[in-house]
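*Asks:* Have a look at this prediction, sequence included:
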Amino acid sequence: MQTTVQTVTLGKNGLIVPAIGIGTWSWGDSLFWSYGKDYGADQVREAFHAAVEAGITFFDTAEIYGLGESERLIGQFLRQTDQPIQIATKYFPLPWRLNAQAIADTLTASLQRLQVDRVALYQVHWPLDFLMSQRTLMNALADEVDKGRIGAIGVSNYSAEQMRQAHTFLAARGIPLAVNQVLYSLLSRQIETNGVLDAARELDVAILAYSPLAQGLLTGKYTPDSEQTLRGARRIDPRFNQNGLEKIAPLVDALNTIGNAHQRTPAQVALNWLIAQGNVMPIPGAKNADQAVQNAGAIGWSLTQEEVAQLDSLTRN
C-alpha cells in the first residue's frame with residue numbers, strides 16, 4: 001500500500017513529481033553496464049515495480065540508453081501497472097539531424113518504444129549544435145508541447161549560458177524551461193561554482209542530479225580493502241583505487257554516522273543531502289528491487305542543518 005510521498009515541482013508551474021526518481025541508463029545497456037551478465041530484464045522489471053510500490057513513479061530514460069532498449073523495457077513495464085507513471089526521455093542531437101522534422105521523428109520513435117502517446121518530460125541530451133541551431137531545436141520542442149506529445153521541456157549537461165539561451169527561446173513561445181539534468185553529488189559539486197546552480201535558481205529551473213551516488217562511491221560499499229573485487233569500468237577508475245578510496249574515507253565515515261542516527265544507509269543520507277539543497281531532484285539508478293527500495297528510503301525525512309553543513313564542509317573542495 002502506497003503512502004503519501006514527498007514531492008517537488010520541476011520548473012515554474014511545472015510537473016509535480018516524487019522528490020526522487022529512478023535513472024534507467026543501466027536498463028538494457030551492456031556497453032557501459034553489465035546488463036545481460038550480472039543482471040537482466042527480470043531484475044530491472046522487479047526494480048520498476050518495487051519503485052512504483054514505494055511511490056517512486058518518475059523514471060528517466062533516453063533514446064541512446066541501450067540503443068533504445070531502456071525505453072522498450074519501460075514500455076513493457078508500463079503495461080503491467082495501473083499506477084500513473086511519469087516518464088522523462090531524451091533527444092540526442094546527432095550531426096545528421098538537421099531540422100525540426102528530425103526532432104518530431106525521433107520523439108515518435110521514442111513514444112513507440114515506450115508504447116505511450118505522450119511523455120511528461122522531453123530533454124535535449126547534450127548542448128550540441130552542429131547544423132541545427134538551438135533556436136530551431138527549442139521551437140521544435142515547443143511545437144511538440146503544443147501538440148500535446150510532451151508535457152515539459154528540459155535540457156541536460158547545459159552550461160549556465162546555454163541554459164539562459166534555451167530559456168529565452170522557450171519564453172518567447174510562452175513555455176518554461178523545466179529542468180537541466182547534470183552531474184551532481186557530494187563528490188561532484190561543480191555546478192555550485194560554474195554558475196549552473198545559480199542560474200537554475202534564478203530561472204526557476206529544477207536540477208535533475210544524475211550519478212548522485214558517484215557510481216556507488218557514496219554507498220559505503222567500496223573501501224580501500226575492496227579494490228581487488230572491483231569489476232567493469234571501476235577497475236580503471238582512479239576514484240576506486242586504494243588512494244582514491246582512502247581520500248573519501250572521512251566522508252564515508254560521516255555518512256555512516258549520520259545514517260545510524262536516522263536509521264538510514266549512507267546512500268540514503270547522500271541522496272537526502274541533495275534534496276536538502278532545494279530545487280534538486282536526484283535520479284539514482286536501480287538494477288534490482290532492493291536498490292529501488294533503498295532509493296525510496298532517501299525521502300520522507302530530513303537531515304538536520306548541522307548534518308547538512310558537516311557534509312558540505314567535508315566535500316566543498
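*Replies:* Nice, I can see it. Residues are numbered from 1 along each chain as shown.
*Asks:* what's the offset of the one helix or strand E306 maps to from the middle of its chain?
*Replies:* E306 belongs to helix 305-315 when assigned by DSSP states H and E. Distance, stretch centre to chain centre, for helix 305-315: 23 Å (CA atoms, centre = their mean, to the nearest Å).
*Asks:* So which elements touch it?
*Replies:* helix 249-262, helix 266-276 (3 or more CB pairs under 8 Å, 6 or more residues apart in numbering; DSSP states H and E). Glycine gets a C-beta too; all of them are placed from N, C-alpha and C.
*Asks:* now do the same end-to-end measure for stretch 122-132.
*Replies:* 18 Å (CA to CA, to the nearest Å).
*Asks:* Give me the buried positions along it.
*Replies:* Neighbour counts over stretch 122-132 (16 or more other CB atoms under 10 Å) mark 122-125, 127, 132 as buried.
*Asks:* related to what we said a few turns ago, closest one to H49 among the helices and strands packed on helix 305-315?
*Replies:* For these, proximity to H49 was assessed by CB to CB; helix 266-276 is nearest, at 20.4 Å.
*Asks:* helices or strands next to the closest one in the packing?
*Replies:* helix 249-262, strand 280-282, helix 289-296, helix 305-315.
*Asks:* Can I get the helices and strands packed on helix 305-315 in TSV including distance to Q6 and mean neighbour count?
*Replies:* Formatted as TSV, the helices and strands packed on helix 305-315 follow (distance: least, CB to CB, whole Å; neighbours: other CB atoms under 10 Å):
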stretch	distance to Q6	mean neighbour count
helix 249-262	15	16
helix 266-276	8	24
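*Asks:* So which of the helices and strands packed on helix 266-276 is nearest G66?
*Replies:* Among these, helix 289-296 sits nearest to G66 (CB to CB), with 17.8 Å.
*Asks:* How about exporting that closest one as PDB, limited to the C-alpha atoms?
*Replies:* What follows is helix 289-296 as a C-alpha-only set of coordinates in PDB (Å, rounded to 0.1, in the frame of the first residue of the first chain):
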ATOM      1  CA  ALA A 289      14.300  -4.300  -6.400                       C
ATOM      2  CA  ASP A 290      16.500  -3.900  -3.300                       C
ATOM      3  CA  GLN A 291      18.200  -0.900  -4.800                       C
ATOM      4  CA  ALA A 292      14.900   0.700  -5.800                       C
ATOM      5  CA  VAL A 293      13.600   0.300  -2.200                       C
ATOM      6  CA  GLN A 294      16.800   1.700  -0.800                       C
ATOM      7  CA  ASN A 295      16.400   4.800  -3.100                       C
ATOM      8  CA  ALA A 296      12.900   5.300  -1.900                       C
END
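*Asks:* Could you find the closest non-adjacent residue to Q242?
*Replies:* Distance criterion CB to CB, 6 or more residues apart in numbering; nearest residue to Q242, sequence neighbours excluded, is P224 at 4.8 Å.
*Asks:* Run through the residues that contact that neighbour.
*Replies:* By CB atoms under 8 Å, 6 or more residues apart in numbering, the residues touching P224 are 242, 245-246, 249.
*Asks:* Of those residues - the most surrounded one?
*Replies:* L245 (18 neighbours; other CB atoms under 10 Å).
*Asks:* pLDDT at it, what is it?
*Replies:* pLDDT for L245: 85.
*Asks:* Using the three-state scheme, assign it.
*Replies:* Using DSSP: H, G, I helix; E, B strand; the rest coil, the structure places L245 in helix.
*Asks:* Now do the residue nearest to it when sequence neighbours are not counted against A270, distance only.
*Replies:* Computed as CB to CB, 6+ apart, the closest residue to L245 that is not its neighbour in sequence is P224, at 4.6 Å. From P224 over to A270 the distance is 19 Å, taken as CB to CB, to the nearest Å.
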